[in-house]
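Participant: Predicted model follows, preceded by the sequence.
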Amino acid sequence: MSTDCIGCGREIPAERAELGYTYCTAPDCQARFRRGPTVTAVAVNKSGDAFRVAEPEEIAARAAAGEFGRKNTGLGTEHVDVPRVPAPRRPVTRRQTRPSRRSSPSWTPAQENIVRLYADMGLSPRQIAERARQNTPRLDVTENLAVRILSSPRR
């Protein structure tokens, strides 16, 4: 089954003719006779490309509308300076004159990590202190410290 290209007159390969094509794969014939959707790769930040199958005109219109434009991925990390209004002063009472507890914990993040790791394994504070003394002596984890860490909210 031999057919000639409707554009340039060259012979079309039999396999292509069986698929129903009436034109060859020459760039000029492809540009003139090819119809159908195109596959467009849209670059996506930090992942593989997203592919869209559509007519070229539709892709161009969607791109012009900003559908494939850069998305706001800041997730609220942009700093916006908000003017601060000073809070009204309240009279000082006895309760407020006492020294308040420290707002920051008295242990390091490494100590907290190892204590919570061992606690997640089901160890008691005493076992946590013993295991930490064996494996990470530089952290100086005691039973008392393990209890304080486990009693506090996670950071």
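Facilitator: On my side now, so go ahead.

Participant: Surely N144 is within a helix?
Facilitator: Yes: assessed with DSSP: H, G, I helix; E, B strand; the rest coil, N144 lies in a helix.

Participant: Roughly how far does it sit from S47?
Facilitator: 47 Å (Cβ to Cβ, to the nearest Å). To be clear about C-beta, it is placed using only N, CA and C from the backbone, and glycine gets the same treatment.

Participant: So for those two, which sits in the more crowded spot?
Facilitator: Neighbours per residue (other Cβ atoms under 10 Å) separate N144 from S47, with N144 holding more: 10 against 7.

Participant: lowest-pLDDT helix or strand in the protein?
Facilitator: helix 94-97 (a mean of 59; mean pLDDT, DSSP states H and E).

Participant: Show the subsequent helix or strand relative to that one.
Facilitator: Of the helices and strands lying after helix 94-97 in sequence (DSSP states H and E), the nearest is helix 109-120.

Participant: buried ones in that following helix?
Facilitator: 111-112, 114-116, 118-119 (16 or more other Cβ atoms under 10 Å).

Participant: Looking at the residues you listed, spot the one nearest C5.
Facilitator: Nearest to C5 among the buried residues of helix 109-120 is R116, at 71.9 Å by Cβ to Cβ.
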